[in-house]
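Undergrad: sequence-free structure coming up:
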């Protein structure tokens, strides 16, 4: 495994010197507060976009909020591709604000609409509440393409970490016809097997996201261990990957999720799924939200946006 990037190492050292506790020793509420306190420290200022607005829709648990971004250079009524983006945070922390800047970056770099989903969090709402919200949002977007000025045939699903987990599940459900099919899936260091037994769970240490932290998240989201082998909790265990939409996959080296993410890519490849795979061996989990401190984060975000543009807008316009 390559040495951790120098910027990332400095970030880890600063956190240690500040005595920042790991999430697993906090309550979920305290973890959310600690996470929120890091956003301005770690992330660069928000990029302007052509437009951004919040929309409330009816969700399975009540009002479900979506945030709709249109990338700079897109006209108000122009019909453009869309990425429905599901935020990370271990199903326990995070929301629209934590990933606002990343969604803006992707919308601008790809020249698309991005719809972010503020799904319910564990432990107050364990599995399947968050997934149910994501499914409801996914259906709503497909039903309101005219209102959103998006292309019905070019709606992609994506997310990072736990959001990448939800995205992978929805892509499988779309393949099976139980929800509208995605034209593309963007999986950014995704959770794909919550058994948490891969080698990277044992070998990766000395970074903020450790095996202990991930297992804390998993226990809060899916408290019944007997259910964890189901593909809706561990999409790596789906019987077949045949017929899945093209994928953009990002994995990083210093991450307990590294091996399951790369194994997911291998299964996509073996199933003949068109895929662009990017592995940043010297980066750690969450790098895309570290751009103020880790210069490579901004390069990766731009690369991902460019790849999304090529996937969703294949003909120059």
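TA: Yep, that arrived. All figures in this text were calculated on a predicted structure; none of them were measured in a lab.
Undergrad: can you pull out the helices in the stretch 201-317 of the chain?
TA: For the stretch 201-317 of the chain, applying DSSP state H, counting those that start in this stretch gives helices covering 211-221, 258-270, 295-312.
Undergrad: Could you count how many residues lie near residue 55?
TA: Using other CB atoms under 10 Å, the number of residues around residue 55 comes to 15. Every C-beta, even on glycine, is put in place using the N, C-alpha and C of the backbone.
Undergrad: just residue 29 next, same as before
TA: Residue 29 has 10 neighbours, counted by other CB under 10 Å.
Undergrad: From residue 130, how far out is it?
TA: 17 Å (CB to CB, to the nearest Å).
Undergrad: Columns mean neighbour count and mean pLDDT on top of the helices of the stretch 201-317 of the chain, output as JSON lines?
TA: Listed next are the helices of the stretch 201-317 of the chain as JSON lines, based on neighbours: other CB atoms under 10 Å; pLDDT from 0 to 100:
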{"stretch": "helix 211-221", "mean neighbour count": "20", "mean pLDDT": "98"}
{"stretch": "helix 258-270", "mean neighbour count": "20", "mean pLDDT": "98"}
{"stretch": "helix 295-312", "mean neighbour count": "18", "mean pLDDT": "96"}
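Undergrad: Now stretch 139-149: buried residues?
TA: 140, 141, 142, 145, 148, 149 (16 or more other CB atoms under 10 Å).
Undergrad: quick one: secondary structure of residue 39?
TA: When classified by DSSP: H, G, I helix; E, B strand; the rest coil, residue 39 comes out as helix.
Undergrad: Now do the SS call for the closest residue to residue 47 other than its chain neighbours.
TA: Once flanking residues are discounted, residue 47 sits nearest to residue 104: 4.6 Å by CB to CB, 6 or more residues apart in numbering. When classified by three-state DSSP, residue 104 comes out as helix.
Undergrad: Can you report how many residues lie near residue 104?
TA: 20.
Undergrad: okay, it: pLDDT?
TA: Note for residue 104: predicted pLDDT of 98.
Undergrad: want to throw the helices of the stretch 201-317 of the chain into TSV with distance to residue 75?
TA: Output for the helices of the stretch 201-317 of the chain, formatted as TSV (distance: least, CB to CB, whole Å):
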stretch	distance to residue 75
helix 211-221	40
helix 258-270	35
helix 295-312	17
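Undergrad: Identify the residues contacting residue 60.
TA: Contacts were defined as CB atoms under 8 Å, 6 or more residues apart in numbering; by that measure residue 60 touches 129, 132, 133, 136.
Undergrad: pretty sure the third one contacts residue 59?
TA: Yes: distance between residue 133 and residue 59: 5.2 Å, which falls inside the contact criterion (CB atoms under 8 Å).
Undergrad: The two: who's more crowded?
TA: residue 133 (25 against 22).
Undergrad: List of residues touching the host helix or strand of that one?
TA: Assigned by DSSP states H and E, residue 133 belongs to helix 129-143. For helix 129-143, the external contacting residues (CB under 8 Å, 6+ apart) are 57-61, 64, 66, 82, 84, 86, 91, 115, 117, 119-122, 148, 150, 152, 155, 157, 162, 166-167, 169-170, 173, 179-180, 221, 232.
Undergrad: Can you tell me which of the residues you listed end up in helices?
TA: Among those, the members found in helices (DSSP state H) are 148, 162, 166, 167, 169, 170, 173, 221.
Undergrad: So which of these is surrounded by the most neighbours?
TA: Most surrounded of the ones in helices among the contacts of helix 129-143: other CB under 10 Å gives residue 166, at 31 neighbours.
Undergrad: so who does that residue touch?
TA: For residue 166, the contacting residues are 86, 119, 130, 131, 134, 159, by CB under 8 Å, 6+ apart.
Undergrad: Tell me how many other residues surround residue 274.
TA: Using other CB under 10 Å, residue 274 is surrounded by 13 other residues.
Undergrad: ok, the residue nearest to it when sequence neighbours are not counted - contacts?
TA: Of all residues not flanking residue 274 in the chain, residue 246 sits nearest, at 4.0 Å (CB to CB, 6+ apart). Counting by CB under 8 Å, 6+ apart, residue 246 touches 183, 184, 185, 273, 274, 275, 311.
Undergrad: Before I go, just wanted to say thanks for your time.
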